[in-house]
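Enquirer: Following is a predicted model, sequence given first.
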Amino acid sequence: MTDDLPHLVRELVRGRDRAALATALPGPAGQAGWPYSSLVLVAVDHDLAPILLLSDLADHSKAIASDDRISLLFDGTAGLDQPLTGPRVSLLGRARRTDDSRLKRRFLAHHPDADLYAGFADFKFYRVAVERAHLVAGFGKIRWLSAAELADTSLVQSLAAFAAAEDGILAHMNADHADAVQLYATRLLGHPAGDWKMTGIDAGGIDLRCGGTVARLGFETPLSAPVQARTALVALTAKARATAIRAPG
């Protein structure tokens, strides 16, 4: 299996807005616990750490309070006639409560409807420190990857800079260049026209959302600093304007 698998994992994870969460549910007194899976919304930070918003009342939150080891399955097989030929990855790590306001903003940018309940007393944000990943990229294409392998070492120095610049870039693009955002979704990704918003930008690409549909558009070359974002976005806009409208897929 080739060395581009870490990139495949990063893009697969960043391109999903939900995952199956597996936790260790405590058993009744004196009895063994059970594995427990549930569906959760997820956003991913610049360093690939998943961000979750969970209710204290949910069984998975009670499980995490007892054992913070979790797994998140990201499924990239949608639409395939034979799903087992498609990619999916399980991230294994530890979920810890966080009060980091930037992580909260990044999650809510990706899931604006969650703002309706994010402030409720029983809802808490969690950051997952990833320790390893299990990638299945199709039949016979299976590999474990460590956290070190998942990290793009060439971009480590830019993570904090992108995190600091992201809010401003998103506000500028959505307010002043909404037409370009629509072109990214329709001309470059083949999605129907709609009220598309840019919900995230990182060194590898941009995240988009329209209602319940999310999309990921990668840069041809990863950016080494946020100052390069303007040039990259202008180039994508030019490419989109020169591209004929195409059907999805």
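Expert: Cool, got the structure.

Enquirer: L72: neighbour count?
Expert: The local packing of L72 (other CB atoms under 10 Å) involves 25 other residues. Where you see a C-beta, it was placed from the backbone N, CA and C, and this is true even at glycine.

Enquirer: Before we go further, it is sitting in a strand, right?
Expert: Yes. Counting by DSSP: H, G, I helix; E, B strand; the rest coil, one finds L72 located in a strand.

Enquirer: buried sites along the lengthiest helix in the chain?
Expert: Counting by DSSP state H, the longest helix found in the chain is helix 159-176. By 16 or more other CB atoms under 10 Å, the buried positions in helix 159-176 come out as 159, 161-163, 165-166, 169-170, 173.

Enquirer: Could you list every helix and strand in contact with that helix?
Expert: With contacts taken as 3 or more CB pairs under 8 Å, 6 or more residues apart in numbering; DSSP states H and E, helix 159-176 sits against helix 101-110, helix 178-183, strand 197-202, helix 229-241.

Enquirer: Now do the longest one: which elements does it pack against?
Expert: It refers to helix 229-241. Here helix 229-241 touches helix 159-176, helix 178-183, going by 3+ CB pairs under 8 Å, 6+ apart.

Enquirer: at 7 Å what do you get?
Expert: Judged by 3 or more CB pairs under 7 Å, 6 or more residues apart in numbering; DSSP states H and E, the packing partners of helix 229-241 are helix 178-183.

Enquirer: Now the helix it packs on: average pLDDT?
Expert: For helix 178-183, mean pLDDT is 98.

Enquirer: Which two among the buried residues of helix 159-176 are spaced furthest apart?
Expert: L159 and M173 (20.2 Å; CB to CB).

Enquirer: Am I right that A29 is in a strand?
Expert: No. A29 is assigned coil when assessed by three-state DSSP, not a strand.

Enquirer: sorry, back to before: residues touching the longest helix of the chain, excluding its own?
Expert: With contact meaning CB atoms under 7 Å, 6 or more residues apart in numbering, helix 159-176 is reached by 46-47, 102, 105, 109, 180-181, 197-198, 200-203, 225-226, 229, 233.

Enquirer: Now do it against helix 229-241: the angle between them, please.
Expert: Orientation check (axes from the mean of the first three to the mean of the last three CA atoms, to 10 degrees): helix 159-176 against helix 229-241 gives 50 degrees.

Enquirer: ok now helix 159-176, how far from the chain's centre?
Expert: Its chain's C-alpha centre and that of helix 159-176 lie 16 Å apart, by CA atoms, centre = their mean, to the nearest Å.
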